[in-house]
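Trainee: Below are the sequence and a predicted model; questions follow.
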Amino acid sequence: KQEVTQIPAALSVPEGENLVLNCSFTDSAIYNLQWFRQDPGKGLTSLLLIQSSQREQTSGRLNASLDKSSGRSTLYIAASQPGDSATYLCAVHTGNQFYFGTGTSLTVIP
Amino acid sequence: NAGVTQTPKFQVLKTGQSMTLQCAQDMNHEYMSWYRQDPGMGLRLIHYSVGAGITDQGEVPNGYNVSRSTTEDFPLRLLSAAPSQTSVYFCASRPQGHGYTFGSGTRLTVV
């Protein structure tokens, strides 16, 4: 079974800082990997999807990378803002299922 | 497009009651899934469907039933509610080869 780990569980940074969130997975036979944002009491909002053949994807201040062979993905957030405060989840598509990490709770301090 | 619509948003059930959580999508996605989210455990797959008439079990299927008679709808039935089924339930859909779009969730409390 695919195991997905996100470290750290919580992160607090001052506004304006660049930061990296980590996602690791145990089975490298993946189709794709998806990063989500979840605000308290809300659903999941898709941020980026990286196909297994890709190395990275960018959207605005967000950049996600994928290293399948080492079982790792990172989400880079540039120039963080208080509005970026949320929980960030990664999900790995293996077989017929997406396997989710437990998330990193990010707080950006004004 | 409305995306993925879940109803109700909140529900309180008594132990032993049954109910159906509704999920509908208007994006013509083949794949639909139900997840439950519990503190410290992340999202766990309950049931999923790869197309109308086809369903399969996920990681935690016990106590839940699903059916998929149309592409648009994928209801989740709780047969006899238990306190252990207190959770937030998310429905999601995706086209083949692409990522998920999630609904806004149903917060269920079983007393």
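Mentor: In hand now; what should we look at?
Trainee: Please identify the residues of chain A in proximity to chain B?
Mentor: Where chain A comes near chain B, counting by CB under 8 Å from any CB of the partner chain, the residues are A:4, A:31-32, A:34, A:36, A:42-46, A:49, A:51, A:89, A:91, A:93, A:96-98, A:100-103. The C-beta positions use only the backbone N, C-alpha and C, and glycine is treated the same way.
Trainee: From these, which land in helices?
Mentor: Counting by DSSP state H, no part of the residues of chain A next to chain B is found in helices.
Trainee: filter the residues you listed to the buried ones?
Mentor: Among the residues of chain A next to chain B, the ones that count as buried by 16 or more other CB atoms under 10 Å in any protein chain shown are A:4, A:32, A:34, A:36, A:43-44, A:46, A:49, A:89, A:91, A:93, A:97-98, A:100-103.
Trainee: So which residues make contact with the helix or strand bottoming out on mean pLDDT in chain A?
Mentor: Ranked by mean pLDDT, DSSP states H and E, the helix or strand of chain A with the weakest confidence is strand A:97-100, at a mean of 92. Identification of contacts with strand A:97-100 by CB atoms under 8 Å, 6 or more residues apart in numbering or on different chains yields A:1-4, A:25, A:34, A:89-92, B:33, B:35, B:42-45, B:48, B:58-59, B:100.
Trainee: which neighbours does that strand have in its sheet, and in what orientation?
Mentor: Paired with strand A:97-100 in the same sheet, following DSSP bridges, are strand A:86-94 (antiparallel).
Trainee: Give me the mean pLDDT for the partner strand.
Mentor: Averaged over strand A:86-94, pLDDT sits at 96.
Trainee: And stretch A:38-46, by the same measure?
Mentor: Per-region confidence: stretch A:38-46 scores 94 on mean pLDDT.
Trainee: what's the span of that stretch from first residue to last?
Mentor: The separation between the terminal residues of stretch A:38-46, taken as CA to CA, to the nearest Å, is 9 Å.
Trainee: end-to-end on stretch B:61-77?
Mentor: One end of stretch B:61-77 to the other measures 11 Å (CA to CA).
Trainee: is any part of that stretch close to chain A?
Mentor: No. Contact between stretch B:61-77 and chain A is absent, the nearest approach being 12.4 Å (criterion: CB under 8 Å from any CB).
Trainee: where's that stretch relative to the chain centroid, distance-wise?
Mentor: Its chain's average C-alpha position is 7 Å from that of stretch B:61-77, according to CA atoms, centre = their mean, to the nearest Å.
Trainee: What score does residue B:42 have for pLDDT?
Mentor: Reading off the per-residue confidence, residue B:42 sits at a pLDDT of 86.
Trainee: my read: it touches residue A:101, true?
Mentor: Yes. Residue B:42 sits in contact with residue A:101 when judged by CB atoms under 8 Å, with a separation of 6.2 Å.
Trainee: Need the residues touching each of these two.
Mentor: Taking CB under 8 Å, 6+ apart as the contact criterion, the residues that touch both residue B:42 and residue A:101 are A:4, A:89.
Trainee: Within the helices and strands, which one has residue A:65?
Mentor: Following DSSP states H and E, one finds residue A:65 within strand A:62-67.
Trainee: Name the residues that touch that strand?
Mentor: Strand A:62-67 is contacted by residues A:33, A:35, A:47-48, A:50, A:52, A:54-58, A:72-78 when judged by CB under 8 Å, 6+ apart.
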